[in-house]
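K.L.:
Provide a 3D model corresponding to the input given below.
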Amino acid sequence: MVTTEPEVIGFPIDTNKFDIDTIYSSGTKKYTVLGWDACGEVELSYNDSILNYACGDNLEFEKRIIRYWTATDESNNNSRCRDTIRVKRISLDSVIWPRSWNNSDTTALACDGEWLLTALSNGYPSPEYTGKPEVYYCNQFTYNYTDSKFPGCGNNFDIVRDWTVYDWCSNKAKTFKQVIKIMDTKPAVIECVSDTITMELILMNAVQKDMNYLCLL
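P.N.:
Numbers count the residues shown, from 1 in each chain. Just a heads-up that it's a prediction; the model follows:
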């Protein structure tokens with residue numbers, strides 16, 4: 001997600017000239033700075049003026065932020081400056097596509113796995129489980145998908161999920177194929193009653209019958 005917080009993009013302090021020991025938040029858009037002023041602490045605060053650009057107005061930037069800073073020391077001396085921050089629009093190249101469940105990107109799904117708890121009405125895995133395209137800090141994109149099923153042996157089958165992400169600002173789209181394999185990898189469990197079956201009594205009876213037969217002859 002794009003953030004414009006001072007902790008990320010910086011404060012209006014020249015650290016080459018001033019040894020900043022500590023900067024800590026002291027309220028909403030307010031900070032206390034130690035080591036900046038020789039006579040004590042400095043309160044640093046700011047306010048933002050934000051201009052959002054429509055798609056037709058600016059395809060490169062999403063918004064412009066003018067940040068007005070005020071620094072006030074313990075003697076109530078103050079100084080002011082301003083920053084101009086431009087936030088670039090996210091492009092289709094920034095889309096993070098969901099991984100495939102194909103024993104390559106990540107392990108295939110078991111046919112009796114947890115994904116069944118959130119499966120779609122058609123029995124296919126839900127994007128909530130297998131993932132969907134991610135675009136941070138952007139409302140100009142929409143996406144959808146279509147599924148194609150390829151049956152395998154037994155309970156095995158593959159889903160090829162074709163994703164399409166559309167950029168309403170540039171009127172361009174990008175596609176991606178996600179492969180989801182559902183596999184039966186658990187063998188049937190059998191139990192043998194014993195390793196050895198004793199047949200001694202049956203064999204003795206058979207020998208006795210043969211002996212009787214010989215006596216009659």
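K.L.:
could you give the backbone dihedrals for the closest residue to residue 92 other than its chain neighbours?
P.N.:
Leaving aside its sequence neighbours, residue 92 sits nearest to residue 174 (C-beta to C-beta, 6 or more residues apart in numbering; 4.4 Å). Yep, even glycine has a C-beta here, placed from its N, CA and C like the rest. Dihedral pair for residue 174: phi -140, psi 140, per degrees, to the nearest 10.
K.L.:
who's in contact with residue 174?
P.N.:
92, 95, 164-165, 167 (C-beta atoms under 8 Å, 6 or more residues apart in numbering).
K.L.:
what's the per-residue pLDDT of it here?
P.N.:
Residue 174 is assigned a pLDDT of 95 by the prediction.
K.L.:
select only the buried ones of the contacts of residue 174 in PyMOL?
P.N.:
The buried subset of these, as determined by 16 or more other C-beta atoms under 10 Å, is captured in PyMOL by this line:
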select buried, resi 95+165+167
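K.L.:
can you show me the strands along this structure?
P.N.:
22-27, 30-37, 40-52, 61-73, 78-88, 109-110, 141-151, 157-167, 172-183 (DSSP state E).
K.L.:
can you redo those as JSON lines with distance to residue 125?
P.N.:
As requested, these are exported to JSON lines (distance: least, C-beta to C-beta, whole Å):
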{"stretch": "strand 22-27", "distance to residue 125": "43"}
{"stretch": "strand 30-37", "distance to residue 125": "47"}
{"stretch": "strand 40-52", "distance to residue 125": "37"}
{"stretch": "strand 61-73", "distance to residue 125": "34"}
{"stretch": "strand 78-88", "distance to residue 125": "35"}
{"stretch": "strand 109-110", "distance to residue 125": "6"}
{"stretch": "strand 141-151", "distance to residue 125": "9"}
{"stretch": "strand 157-167", "distance to residue 125": "7"}
{"stretch": "strand 172-183", "distance to residue 125": "6"}
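K.L.:
which residues does the residue nearest to residue 92 bridge with?
P.N.:
Note on residue 174: beta-bridge partners by DSSP bridges are residue 165.
K.L.:
next one: the one 4 residues further on
P.N.:
Each beta-bridge partner of residue 178 is listed here, defined by DSSP bridges: residue 161.
K.L.:
give me the low-pLDDT residue ranges for the chain?
P.N.:
For the chain, the stretches flagged by pLDDT under 70 are 1-2, 19-20, 136-139, 193-217.
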